[in-house]
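Student: Just need the structure, nothing else, for what follows:
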Amino acid sequence: MPLWRRLLADLGVEPRVVLVSRHPDEVAGSLQRRDGLPVAIGELLWARYLLEAVRGSDGCRRGMVAYHQLLDDWRGTIGRIDQALGLGLSPDARQAKAIDAFLSPQLRHHRARGEALDGVLAPLAPLAAGALAQADVDAAQRGFDAGMATVEPVVDGYAALLSESRSQ
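Tutor: Numbers count the residues shown, from 1 in each chain. Next up, the predicted model:
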């Protein structure tokens, strides 16, 4: 985000950010299936990337939507994004047909068990629910950082291995 924010500032463009959240159980399930990552590591990577996205977009006009909402009702979700960010989004019939062909609830291969976030992830519950107030972000960051201190080297190691394996 720092690179994009500098570039957009140089161009005189106001960044508007859409954050798409997904329950950590679903992300961890996908990472386990695709990359063989342990569920706990997948959940911690979800947390780190969510925090980086929220922090990186601080000060930008932004909105947050849930992945499942986008798949289940992209028209309603796009309407909420448009209302929040004032983008003037209105796909024509051809674009809507292409989006219908691309997005479907069947793309959601993993479903959360519906359980509340607990343990190290508990402080991130407001962010996972879409709260972007700075006080919520700061509290989530502090709580997560405190819980992560002991496991961060393991998560960083897995993230580096995952990144390295994708680049090969």
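
Student: quick one, helices of this protein?
Tutor: For the chain, applying DSSP state H gives helices covering 2-11, 24-35, 39-56, 67-72, 74-85, 93-102, 125-128, 134-148, 152-167.

Student: Can you tell me the centre-most residue of this structure?
Tutor: S21 (3.9 Å; Cα atoms, centre = their mean).

Student: what's near enough to touch that one?
Tutor: 50, 64-67, 127-128, 130 (Cβ atoms under 8 Å, 6 or more residues apart in numbering). For every residue, glycine as well, the C-beta is placed using N, CA and C.

Student: Can I get the helices of the chain in CSV including mean neighbour count, distance to L117 and mean pLDDT?
Tutor: As requested, the helices of the chain are exported to CSV (neighbours: other Cβ atoms under 10 Å; distance: least, Cβ to Cβ, whole Å; pLDDT from 0 to 100):
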stretch, mean neighbour count, distance to L117, mean pLDDT
helix 2-11, 10, 28, 95
helix 24-35, 18, 7, 86
helix 39-56, 19, 9, 86
helix 67-72, 16, 16, 83
helix 74-85, 16, 22, 89
helix 93-102, 10, 30, 91
helix 125-128, 19, 5, 78
helix 134-148, 15, 10, 77
helix 152-167, 12, 16, 75
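
Student: among these, which is nearest D118?
Tutor: In this view, the helices of the chain are compared for proximity to D118 by Cβ to Cβ, and helix 125-128 is the closest at 9.0 Å.

Student: residues making contact with that closest one?
Tutor: 21, 23-24, 50-51, 54, 116-117, 136-137, 139-140.
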